[in-house]
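Enquirer: only geometry, no sequence info:
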């Protein structure tokens, strides 16, 4: 397997893409599936998300600038999601950056959602899948690099390399791994991210703390269908 890392999303054709929006979309998705969610559609446009939820009877979650959207069933908080009973439900999720990153991966054969909280599970999934090329796509924040997403990608890479020492890494991957070298706890690094400081400033500090718990969820959301992008999991073991 060869690995490349995008600090912000680009549209490219490749075998497998792992999308990272650690604060908070991909972490929230993991939390939702751990609560029994059946499927998750990811839609970038708020009006389109409303239409999809109305047409399908799905729950509607989303945010703009970190805050819940008016008229939605919930926002984009993994901590708040853990308090919900989502057994057997479908949901639509619309966020500022993560939804666009998923759209950018439309031409990939396989698309996964990755984060610090499911890094070991993603690594196992990739090793089992054994694609020739994997792109780790960081959602960023309004087209700028976000350290939280790079941290999520680095944590997955650590897990992959431990299982597949022969994996071939790009320089961007090597740079991400260097940033976490010698670190066993991702949370102190995550706290350095500008978006972590922003979330704390608007009252979502608990989301940052949850997002920094490596391996908290043993789930891997993977894209089952591309239009609209709809994610499912094979298993939904809860927080550990």
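Expert: Good, I have the coordinates. Owing to the predicted nature of the structure, the values given are computational and were not obtained by experimental measurement. Numbers count the residues shown, from 1 in each chain.
Enquirer: from here on, contacts and neighbour counts on C-alpha atoms
Expert: Noted.
Enquirer: look up phi and psi at residue 70.
Expert: The main-chain torsion angles of residue 70 are listed as degrees, to the nearest 10 and equal phi -60, psi 130.
Enquirer: pull the longest helix from this structure.
Expert: If you go by DSSP state H, the chain has its longest helix at helix 147-163.
Enquirer: which parts of it are buried?
Expert: Taking 16 or more other Cα atoms under 10 Å as the basis for neighbour counts, the residues of helix 147-163 that come out buried are 147-160.
Enquirer: and which of the residues you listed is nearest to residue 119?
Expert: When the buried residues of helix 147-163 are compared for distance to residue 119 (Cα to Cα), residue 156 comes out closest, at 4.7 Å.
Enquirer: touching, residue 164 and residue 127? I think so.
Expert: Yes: the pair formed by residue 164 and residue 127 meets the contact definition of Cα atoms under 8 Å, at 7.5 Å.
Enquirer: any idea which element the most centrally placed residue in the chain lies in?
Expert: Note on the chain: the residue nearest the mean C-alpha position is residue 26, at 2.3 Å, using Cα atoms, centre = their mean. Under the criterion of DSSP states H and E, residue 26 resides in helix 25-34.
Enquirer: which residues touch that helix?
Expert: Contacts with helix 25-34, where a contact means Cα atoms under 8 Å, 6 or more residues apart in numbering, come from 19-21, 39-40, 76-79, 81-82, 86, 95, 98, 113-118, 211, 217, 219-221, 233, 236-239.
Enquirer: quick one on the thing from earlier: check the gap between the residue nearest to the centre of the chain and residue 40 for me.
Expert: According to Cα to Cα, to the nearest Å, residue 26 and residue 40 sit 11 Å apart.
Enquirer: can you check residue 206 too?
Expert: When Cα to Cα is the yardstick, residue 206 and residue 40 sit 23 Å from each other.
Enquirer: which one of those two is surrounded by more residues?
Expert: Neighbours per residue (other Cα atoms under 10 Å) separate residue 206 from residue 40, with residue 40 holding more: 27 against 14.
Enquirer: isn't that one right up against residue 233?
Expert: No: counting by Cα under 8 Å, residue 233 is not a contact partner of residue 40; they are 9.7 Å apart.
Enquirer: between these two, which contacts overlap?
Expert: Overlap between the neighbourhoods of residue 40 and residue 233 is empty, taking contacts as Cα under 8 Å, 6+ apart.
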